[in-house]
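>>> Output the structure for:
(chains A, B, C and D)
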Protein chains: 2
Amino acid sequence: MEAITHSRADTFPIGELSRLTGVNIETIRYYERIGMLPAPPRSEGGRRVYDQHHTRVLAFIRRGRELGFTLDEIKALLALGGPERAPCGEVSEIATKHLDDIRTKIADLRKLERLLGQTIDRCEGGTAPECPVLDILSPEPRRRA
Amino acid sequence: MEAITHSRADTFPIGELSRLTGVNIETIRYYERIGMLPAPPRSEGGRRVYDQHHTRVLAFIRRGRELGFTLDEIKALLALGGPERAPCGEVSEIATKHLDDIRTKIADLRKLERLLGQTIDRCEGGTAPECPVLDILSPEPRRRA
DNA sequence: CGTGCATCCTGTAGTGACTACAGGAGCAAG
DNA sequence: CTTGCTCCTGTAGTCACTACAGGATGCACG
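Numbers count the residues shown, from 1 in each chain, chains lettered A, B, ... in the order given. Just a heads-up that it's a prediction; the model follows:
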């Protein structure tokens, strides 16, 4: 097994970019198609040739996704300067809105967790005459207005 | 087999079912198409005619979705007896797995909340020389130091 | 009995963020 | 030259809906 070495030019194909950033090859091409990632130059054979700049942008996108930002939010963040510097105000506005969303989601999930957890407990305690999980799933049908 | 109050003609069209259950008309038709909801009989003019049975099944599906179950999970639950009775064991197995997923999600979101919250705070405290939100988004710490 | 309008029908396409092929071309090693 | 890997384009599938377009039906009102 020979080590994969590429030239001093510091450019690499899509597979290498994928390995460097942990982003799926298909996803990289998808990002290019929807304009998230700038289209790189091509080799003579028509292959995409990337460099460090792409690595940084793609890593930025990936990190943003991990933090739960939508691609549109990340696009906005990139427009505000991306991996380079940018005005704090607008950036933290997007981030704060996102944080609100996260907190709402956590609250919702916690309510769910409590309800479901208690219900399953009653199930396993064997104190219920009929399955309690199915009970919470069967609400009273609403009366006609 | 006992029928469900057919004495008076309490059947209704899709719009009424939608109102009764709070499920979008388009979504009801979608559920029918993918086999979540049994296809109802049709009127002479070809319109769907529903009764209380459909209301109960659809309300069950809706409640399941609110609780974050996937349609496939709900389908399994329905197969286990749906709004009628069913064995507790298999039901709570599905529910417990789902509860695990919820807890994982909550933990992930909490980590996110902490990181993002702290970062935005630093942003607003104005103590940072450069935008901290963009910093956590850039995994590469400003190369060429 | 006609008219208008709400409701309904089918079918298709769009959403977000990917993922999974099919079918072919490039390229380096043995 | 052959093998086998990587890469290319293009299309379609995923999940759970949602949004039309373009037409048919049903019912109240005049």
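>>> Alongside DNA strand C, which residues does chain A contribute?
Neighbours of DNA strand C within chain A, by C-beta under 7 Å from any atom of the strand: A:24, A:26-27, A:30, A:43-47, A:65, A:70-72. The way it works is simple: take the backbone N, C-alpha and C, and place the C-beta from them, glycine included.
>>> could you redo those residues as JSON lines and give each row neighbour count, pLDDT and distance to chain B?
Output for the residues of chain A next to DNA strand C, formatted as JSON lines (neighbours: other C-beta atoms under 10 Å in any protein chain shown; pLDDT from 0 to 100; distance: C-beta to the nearest C-beta, whole Å):
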{"residue": "A:Asn24", "neighbour count": "11", "pLDDT": "94", "distance to chain B": "17"}
{"residue": "A:Glu26", "neighbour count": "10", "pLDDT": "95", "distance to chain B": "22"}
{"residue": "A:Thr27", "neighbour count": "17", "pLDDT": "96", "distance to chain B": "17"}
{"residue": "A:Tyr30", "neighbour count": "14", "pLDDT": "96", "distance to chain B": "20"}
{"residue": "A:Ser43", "neighbour count": "11", "pLDDT": "94", "distance to chain B": "25"}
{"residue": "A:Glu44", "neighbour count": "5", "pLDDT": "91", "distance to chain B": "30"}
{"residue": "A:Gly45", "neighbour count": "5", "pLDDT": "92", "distance to chain B": "30"}
{"residue": "A:Gly46", "neighbour count": "6", "pLDDT": "93", "distance to chain B": "29"}
{"residue": "A:Arg47", "neighbour count": "11", "pLDDT": "96", "distance to chain B": "25"}
{"residue": "A:Arg65", "neighbour count": "15", "pLDDT": "91", "distance to chain B": "10"}
{"residue": "A:Thr70", "neighbour count": "12", "pLDDT": "91", "distance to chain B": "14"}
{"residue": "A:Leu71", "neighbour count": "16", "pLDDT": "94", "distance to chain B": "13"}
{"residue": "A:Asp72", "neighbour count": "10", "pLDDT": "92", "distance to chain B": "15"}
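>>> And DNA strand D, is the helix or strand hosting A:Leu112 touching that?
Using DSSP states H and E, A:Leu112 sits within helix A:88-125. No: using C-beta under 7 Å from any atom of the strand, helix A:88-125 never reaches DNA strand D; the gap is at least 14.8 Å.
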